[in-house]
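Visitor: Turn this into a model:
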Amino acid sequence: MPGDPPITSPGTQWDDVPPDMVNSIELTWKEMTGGFEGKTGARPRNGSISGFYNTILDQVMQNNGKLNYCVRYESDVPVSPDLRDDIEAALRRNVNAWFSKLAGYNHFPHQHIDVNVVGWAVRNRSTLQWNDDPVPVYVGDYYENAPQCAQVCGRFFHQEAGYSYPQCPGGKANHYDQSLWLTEGMNGGAGGDWGQRVGRSYFTGQVKSENLHIFLHEMGHGFGFPDYYNWRTWTQSTPEPYSVMVAGSAFEVTDWDRWMLRYTWDRLKPRWD
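Guide: Residues are numbered from 1 along each chain as shown. Prediction:
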């Protein structure tokens, strides 16, 4: 984009970036900022990440290194207390699989992101096999035909700068930034600034895995990263990257993803300086 510094300019460690990653990183940023407007599958200029202030980076920075989740449980398969705890641990592990690539780079201030589940949403309370209710449980509240946590607590519904969630029980401390939406019978996934939607059986069946690659892919969309289904219509000369964002390519956050996240941080960092 006009006015963007070259890839070797802003960061503290750009001398380490492999030369074969440079073009695909710059082309990805071009798509993220609307530079391929009009081409198949590319976002328009008015959808540029540069003018969007609810990325996962925005959320973490505004929360001082924290990220709160609501679990939207779109299933009737029971959830034991152990599975509940495993789901929260999986969120912490996989969120930090991304952020560990940014820790220590160009004044990013957080070594580890504090990830917490602050609510569950279900059709029936009996699906959850615990009685102590360590966090609020929302029953019968629906959005997009699926259980949701209270909108008064949701960042997606309240993106005003400095919003304090005055109607949320427990206030700002109990708000949620992201939703983990677990859908029975779903294959694949979806993701954005609102959270990640994946299959219930996929997530719970692999809940102790080191890398939940569909979740990692969908979380990448929350940073603003694109899919690459139409890469060849955007560029003919540069191969698509080896990235968890390329479906079927990688099953973990890769070295290329690390540099793409750093590149994105470099360009959005002035928001918080």
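
Visitor: CA atoms for contacts and neighbours, from now on please.
Guide: OK.

Visitor: what about the stretch 101-250 of the chain, any weak spots by pLDDT?
Guide: Counting by pLDDT under 70, the stretch 101-250 of the chain shows no low-confidence range.

Visitor: Could you pull out the strands in it for me?
Guide: Secondary structure of the stretch 101-250 of the chain (DSSP state E, counting those that start in this stretch): strands at 114-122, 137-139, 142-143, 146-147, 178-183, 189-192, 195-199.

Visitor: among those strands, which is nearest residue 93?
Guide: Comparing the strands of the stretch 101-250 of the chain by their distance to residue 93 (CA to CA), the top pick is strand 114-122, with 8.9 Å.

Visitor: Of all the strands of the stretch 101-250 of the chain, which one comes closest to residue 53?
Guide: Going by CA to CA, the one of the strands of the stretch 101-250 of the chain nearest residue 53 is strand 189-192, 12.6 Å.

Visitor: Quick check: neighbours of the closest one in the sheet, parallel or antiparallel?
Guide: strand 195-199 (antiparallel) (DSSP bridges).

Visitor: Distance from the chain centre to the strand it pairs with, please.
Guide: Distance of strand 195-199 from its chain centroid, counting by CA atoms, centre = their mean, to the nearest Å, is 10 Å.

Visitor: and if you look at stretch 237-248?
Guide: On CA atoms, centre = their mean, the centre of stretch 237-248 falls 18 Å from that of its chain.

Visitor: quick revisit: now the strands of the stretch 101-250 of the chain in TSV, with mean neighbour count and distance to residue 86?
Guide: Output for the strands of the stretch 101-250 of the chain, formatted as TSV (neighbours: other CA atoms under 10 Å; distance: least, CA to CA, whole Å):
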stretch	mean neighbour count	distance to residue 86
strand 114-122	22	11
strand 137-139	18	17
strand 142-143	14	25
strand 146-147	20	21
strand 178-183	24	13
strand 189-192	19	20
strand 195-199	23	16
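
Visitor: Turn those strands into a markdown table, including distance to residue 39.
Guide: Shown next, in a markdown table, are those (distance: least, CA to CA, whole Å):
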| stretch | distance to residue 39 |
| --- | --- |
| strand 114-122 | 37 |
| strand 137-139 | 42 |
| strand 142-143 | 32 |
| strand 146-147 | 33 |
| strand 178-183 | 30 |
| strand 189-192 | 21 |
| strand 195-199 | 26 |
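
Visitor: Can you list phi and psi of residue 78 for me?
Guide: Per-residue torsions, residue 78: phi -60, psi 150 (degrees, to the nearest 10).

Visitor: Near residue 41, how many other residues are there?
Guide: Residues lying near residue 41 (other CA atoms under 10 Å) number 17.

Visitor: Quickly note the distance from it to residue 231.
Guide: Taking CA to CA, to the nearest Å as the measure, residue 41 falls 9 Å from residue 231.

Visitor: again with residue 42
Guide: 9 Å.

Visitor: same check, this time on residue 144
Guide: 31 Å.
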